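Asker: Structure for the following, please:
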Amino acid sequence: MRVLTYALGLSYVLSTAVGGLTLYLALKEALSVNYAPRTTESGREVTAEELRRLAGRFFGPAPVRRAEQAPPLRQFRLVGTMLSDELKGVFVELGKKVYFVEEGKSFQGYRLARVEPYGAYFERSGRLYELKLERGKKDGGSAKTGREVRISRRELLALTADPAKMFTQIRLVPFVRNGRTEGFIFEWVKPGSLFDRMGIRPGDVLLSINNATIRSGEDAFRLLQVLRNEPNLKVVLLRNGRKEVINVRIE
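Answerer: Below you'll find the model as predicted:
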């Protein structure tokens, strides 16, 4: 019995000593570590940009700057905006061509972060850039109420088949009153264009075509497709606070 007790005691002492030695060696090794500068697998020092990119993979994109600090974007020009419940985007011009960019998508390395009636914000590398619509100059011409104009069907079909091409002739922004979109303002009309020959002037508000009201960009494009085969168009505008009607005959 004494032998068994002695053996158990000796075993306890040895296990305690071994455990203490292991803990001591572990602490000694940990305290003697020299922490090297942050490196990649190849031994090259990691840059701040690479750290931000790696962090983005785990924590999402870096926060963008506040809108009021955003510098102007000069790589391309904003020619139109689209704001609706179904679709938000912008029409931008680059190299004499017009492109549509949907909110959240990228163009020329810049992601469209937010669309507003008179501008947009693009984001790149966590930084916001502002793109504004260039205000068109007012034209003193006016259309007569109920006057009739004639346009070519071939020209109308070619124009409505390519929305981007259409926005090389006009610039539209939503007309909002009491928090509700009631039409679209012709911010700019290209001189000599189809719209100019129809009698539309900068500052006119497009309210309806053939009695169909236009509340969103989708309404406008859907209506244009339907009207491609119509022989006549009744265009109702708001000009200087008064309604104007232009009757268009398509030949």
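Asker: For this protein, which segments are assigned as strands?
Answerer: In chain order, the chain shows strands spanning 77-83, 88-94, 97-102, 106-107, 110-116, 119-124, 127-132, 147-151, 170-177, 180-189, 205-209, 212-213, 232-239, 242-250, with DSSP state E as the criterion.
Asker: what stretches of the stretch 101-250 of the chain score poorly on pLDDT?
Answerer: Per-residue confidence of the stretch 101-250 of the chain (counting by pLDDT under 70) places the weak regions at 134-146, 177-179.
Asker: how about a cut-off of 80?
Answerer: For the stretch 101-250 of the chain, the stretches with pLDDT under 80 are 117-118, 133-147, 159-167, 175-181, 214-228, 240-241.
Asker: Dump the strands of the chain into a markdown table; add distance to Asp219 and mean neighbour count as well.
Answerer: Heads up, the C-betas are built off the backbone N, CA and C, glycines and all. Formatted as a markdown table, those follow (distance: least, C-beta to C-beta, whole Å; neighbours: other C-beta atoms under 10 Å):
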| stretch | distance to Asp219 | mean neighbour count |
| --- | --- | --- |
| strand 77-83 | 11 | 22 |
| strand 88-94 | 15 | 20 |
| strand 97-102 | 17 | 17 |
| strand 106-107 | 25 | 15 |
| strand 110-116 | 17 | 19 |
| strand 119-124 | 21 | 21 |
| strand 127-132 | 25 | 18 |
| strand 147-151 | 21 | 13 |
| strand 170-177 | 11 | 19 |
| strand 180-189 | 9 | 20 |
| strand 205-209 | 10 | 19 |
| strand 212-213 | 7 | 14 |
| strand 232-239 | 14 | 17 |
| strand 242-250 | 18 | 16 |
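Asker: Could you work out which of those strands reaches nearest to Pro163?
Answerer: Among those, strand 97-102 comes nearest to Pro163, with 7.0 Å by C-beta to C-beta.
Asker: which other helices and strands contact the closest one?
Answerer: Helices and strands in packing contact with strand 97-102 are listed as strand 88-94, helix 163-166; criterion 3 or more C-beta pairs under 8 Å, 6 or more residues apart in numbering; DSSP states H and E.
Asker: re earlier: possible to save the strands of the chain as JSON lines with distance to Phe195?
Answerer: Listed next are the strands of the chain as JSON lines, based on distance: least, C-beta to C-beta, whole Å:
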{"stretch": "strand 77-83", "distance to Phe195": "13"}
{"stretch": "strand 88-94", "distance to Phe195": "15"}
{"stretch": "strand 97-102", "distance to Phe195": "15"}
{"stretch": "strand 106-107", "distance to Phe195": "26"}
{"stretch": "strand 110-116", "distance to Phe195": "23"}
{"stretch": "strand 119-124", "distance to Phe195": "22"}
{"stretch": "strand 127-132", "distance to Phe195": "22"}
{"stretch": "strand 147-151", "distance to Phe195": "10"}
{"stretch": "strand 170-177", "distance to Phe195": "5"}
{"stretch": "strand 180-189", "distance to Phe195": "5"}
{"stretch": "strand 205-209", "distance to Phe195": "10"}
{"stretch": "strand 212-213", "distance to Phe195": "18"}
{"stretch": "strand 232-239", "distance to Phe195": "10"}
{"stretch": "strand 242-250", "distance to Phe195": "10"}
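Asker: Out of the ones you listed, flag the one nearest Arg222.
Answerer: Evaluated over these, closeness to Arg222 peaks at strand 212-213, with 9.1 Å, by C-beta to C-beta.
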